[in-house]
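In: fold the following.
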Amino acid sequence: MISRKTSVSFKNPSEFMRAMFENGNTVASGGDIVSSRDAGFASAQIATYRLFGLLEMNMFEIMPYADIRVPYEFECDNFEIAYGVEGSFFIHTNSHGNSVFNANGLYLSPAFNVRGEEAYHRDQVFKTISFNASGSIMDAVMDRLGWGRLWHDAADNSLRGKGASSCVAAAPADISASFLQIAACDYPDRCKLPFFESKFMEIISRFIASELSGRDAPPDAGQLEDSRIKKIPGILMERSDSPPSIPELARDLSMNTTTMKRGFKRIFGEPIYEHHRNMRLELAAANLLDTNKSVFEISMDAGYSDCGNFCRAFKKRYGIPPGQYRRRVAASP
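Out: Numbers count the residues shown, from 1 in each chain. Take a look at the predicted model:
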């Protein structure tokens, strides 16, 4: 019987990956390496493909049994672009504060000076696909494809500028489609590598086109306000036990309260705390199906101090009480 911890912290990503996979099961086939393990604090699997003989593509899935915190710091030349396939986890960066990396989210790391922390929450599955390399290897891949000049122009505009920092945003539809095709690939093992390389080329070409088409348009005040407003869901989820008030949020984001509330409704389609309540209920609905926790435990995880209030809010959103929701969806074919 594996002893389960409620929380675990690591010094850096390397220590986390060693703890996760060092003594796990590893299988190599068709140009990829698949490692999987139940490490006590989480079960996870990672499949690694080496594209063009240089660049790594990683397909990573984790189910934490405990809250996991992993600080990181990139002081050297680094490139990463990642897509959230399922679930969510939390990111804190030295420049952008708190944000949530959700499904259909796109994470882009710059080349230098990135510090922060990743947080995986207990019983919240997360799946991601990422391309990883040093900046010099990425340059070599682009040169091999004949895209060297285009890549340098786009990277200078987005990744290598002074003060560049990692960010999370919703993936454009065309880039999302390419990543989802990677996730759904059912080709024979020996055919996967060329398919993944072609999807990588699609994704990067769309990134280059997006960066170069808008390089002469500096962000205006409205764009800067929107970037601050998009941090709000992550802030509220991290502080569900004692959520900040509207004035406190506005002060923390250096914004006018009216501008912040109007901007949030424009971006997310609903008021701030209504959106936060719905996010908590969506998390609760997922936990009802993916865990064996009691309704009371799930209500606590969702930030409700009163289980009755949780059940009423859940029924209002989903039409049935949480226990019935669990039985009905679990019994569905």
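In: and N104, backbone torsions?
Out: phi 70, psi 10 (degrees, to the nearest 10).
In: ugh, typo on my part, it should be E274
Out: Residue torsions, per degrees, to the nearest 10, at E274 are phi -70, psi -40.
In: what's the burial count for it?
Out: 12 (other CB atoms under 10 Å). Any C-beta I mention is one placed from the backbone N, CA and C, and that applies to glycine too.
In: same check, this time on N12
Out: For N12, using other CB under 10 Å, the count is 12.
In: and what of L289?
Out: Residues near L289, counting by other CB under 10 Å: 10.
In: now it: which helix or strand?
Out: Element membership for L289 (DSSP states H and E) is helix 272-290.
In: in that helix, what counts as buried?
Out: Within helix 272-290, the residues that count as buried by 16 or more other CB atoms under 10 Å are 272, 275-277, 279-281, 283-288.
In: now do I298, the pLDDT please.
Out: In this model, I298 is scored at 91, pLDDT.
In: what do you get for S245?
Out: 91.
In: and what of F179?
Out: For F179, the model assigns a pLDDT of 90.
In: which element, helix or strand, includes the residue lying closest to it once chain neighbours are set aside?
Out: Counting by CB to CB, 6 or more residues apart in numbering, Y83 is the residue found nearest to F179 once chain neighbours are left out, at 4.0 Å. Taking DSSP H and E as the criterion, Y83 maps to strand 79-93.
In: can you point out the buried residues in the very next helix or strand once past the helix holding L289?
Out: Following helix 272-290 in sequence order, the next helix or strand is helix 295-301 (DSSP H and E). When neighbours are counted by 16+ other CB under 10 Å, the buried residues of helix 295-301 are found to be V295, I298, S299, M300, D301.
In: pick the one among those residues closest to R327.
Out: Nearest to R327 among the buried residues of helix 295-301 is V295, at 11.5 Å by CB to CB.
In: ok, that closest one touching G323?
Out: Yes - the pair formed by V295 and G323 meets the contact definition of CB atoms under 8 Å, at 5.8 Å.
In: about what we covered before: got the contact list for the residue nearest to F179?
Out: N104, G105, L106, Y107, T128, I129, S130, A171, I175, S176, F179 (CB atoms under 8 Å, 6 or more residues apart in numbering).
In: could you redo the last one with a cut-off of 10 Å?
Out: Going by CB atoms under 10 Å, 6 or more residues apart in numbering, Y83 touches 101, 103-107, 127-131, 171, 175-176, 178-180, 182-183, 203.
In: so which of the residues you listed sit within helices?
Out: Cross-referencing the contacts of Y83 against helices under DSSP state H gives I175, S176, S178, F179, L180, I182, A183, I203.
In: what packs against the helix holding L289?
Out: strand 79-93, helix 232-238, helix 246-252, helix 257-268, helix 295-301, helix 307-318, helix 322-331 (3 or more CB pairs under 10 Å, 6 or more residues apart in numbering; DSSP states H and E).
In: report the distance from that helix to the chain centre.
Out: Taking the mean of its C-alpha atoms, helix 272-290 sits 17 Å from the chain's own mean (CA atoms, centre = their mean, to the nearest Å).
In: the inter-axis angle of that helix versus strand 79-93?
Out: In terms of direction (axes from the mean of the first three to the mean of the last three CA atoms, to 10 degrees), helix 272-290 departs from strand 79-93 by 110 degrees.
In: helix 272-290 vs helix 322-331, what angle?
Out: Using the same axes, to 10 degrees, helix 272-290 lies at 50 degrees relative to helix 322-331.
In: what's the average pLDDT for helix 272-290?
Out: 86.
In: now stretch 323-333
Out: 72.
In: for the closest residue to N278 other than its chain neighbours, give its distance to S294.
Out: Among residues not flanking N278 along the chain, R317 sits closest, at 6.8 Å (CB to CB, 6+ apart). For R317, the distance to S294 (CB to CB, to the nearest Å) stands at 20 Å.
In: who are the contact partners of the residue lying closest to S240 once chain neighbours are set aside?
Out: Of all residues not flanking S240 in the chain, G303 sits nearest, at 3.6 Å (CB to CB, 6+ apart). By CB under 10 Å, 6+ apart, the contact set of G303 is 236-237, 239-243, 276-277, 279-280, 283-284, 310.
In: quick one: which of the helices and strands packed on helix 272-290 is nearest L54?
Out: strand 79-93 (11.6 Å).
In: export that closest one to CSV, keeping only CA atoms.
Out: Taking Å, rounded to 0.1, in the frame of the first residue of the first chain, the C-alpha atoms of strand 79-93 are listed here in CSV:
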residue,chain,number,x,y,z
PHE,A,79,12.6,27.6,-25.9
GLU,A,80,9.3,25.9,-25.0
ILE,A,81,5.8,26.1,-26.6
ALA,A,82,3.2,23.9,-24.8
TYR,A,83,-0.5,23.2,-25.3
GLY,A,84,-3.0,22.1,-22.6
VAL,A,85,-4.9,19.1,-23.8
GLU,A,86,-7.0,18.4,-20.7
GLY,A,87,-7.3,19.7,-17.1
SER,A,88,-5.4,22.6,-15.6
PHE,A,89,-2.5,23.6,-13.4
PHE,A,90,-1.3,26.8,-11.9
ILE,A,91,1.7,29.0,-12.9
HIS,A,92,3.3,31.8,-11.1
THR,A,93,6.0,33.8,-12.9
